[in-house]
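Participant: build me a model from this:
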Amino acid sequence: MKHTDPSHAVLREARELGHEARAGTQDHAALKLWLRMLSCTTQVEAEIRRRLRSRFGVSLARFDYMAQLYRHPEGLKMRELSRSLMVTGGNVTGLTDELERDALVMRESSPTDRRSWIVRLTPRGRHTFEAMAAEHEQWILSLFGHLDGKDLQRLYTLLGELRVQLIRNDTPGEEKA
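Facilitator: Prediction:
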């Protein structure tokens, strides 16, 4: 695949190739696609981080943490939260301490396991997260706004097929990073 698509020329001229700059004209189309997906993900994530920091003074990690708790109004054990966020227990403890200090979450001992803590959003935390989530959704719609509904659905379907293939390629018993 040559760099014949007009977007590549525009990105190169704007010095915004990002990860795509690693690909050469002789590289396989799959490698170029991977680098383009990585560039898009990095760019969208950086923009969301910037907007969360600017608008609400929170990190993406804090937003993701609160999103997990929002989906579980009954609360989550710290270990479950750590697993769902794919971060260490130390990271979750640090975020919990910060959010508890800001009265956005509360921590209670588990009634079934004295060694575990259950964390849940406070009413203030739920209200704060709802405000952030509403703006977050608008940011995502805006960032993807140039794609029409048909293109969005096609891209979503293709990436879903890729994910299914990746899961099928997983070697059973092999530990994931």
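
Participant: from now on I want contacts and neighbour counts done on CA atoms only, so please keep to that.
Facilitator: OK.

Participant: in the chain, which spans are helices?
Facilitator: Taking DSSP state H as the criterion, the chain carries its helices at 6-13, 29-56, 60-71, 78-85, 89-101, 123-143, 149-169.

Participant: which one of these lies nearest to Arg22?
Facilitator: Ranking these by proximity to Arg22 (CA to CA) places helix 29-56 first, at 7.8 Å.

Participant: pull up the per-residue confidence for Arg79.
Facilitator: According to the prediction, Arg79 has pLDDT 90.

Participant: for it, what are its contacts?
Facilitator: Taking CA atoms under 8 Å, 6 or more residues apart in numbering, we find Arg79 in contact with Gly89.

Participant: and Met86, by the same measure?
Facilitator: Going by CA under 8 Å, 6+ apart, Met86 touches no other residue.

Participant: and the gap between it and Arg79?
Facilitator: 10 Å (CA to CA, to the nearest Å).

Participant: and what of Arg168?
Facilitator: 27 Å.

Participant: mind giving me a markdown table with the helices of the chain and columns for distance to Thr112?
Facilitator: A markdown table is the format used below for these (distance: least, CA to CA, whole Å):
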| stretch | distance to Thr112 |
| --- | --- |
| helix 6-13 | 55 |
| helix 29-56 | 36 |
| helix 60-71 | 19 |
| helix 78-85 | 14 |
| helix 89-101 | 20 |
| helix 123-143 | 24 |
| helix 149-169 | 34 |
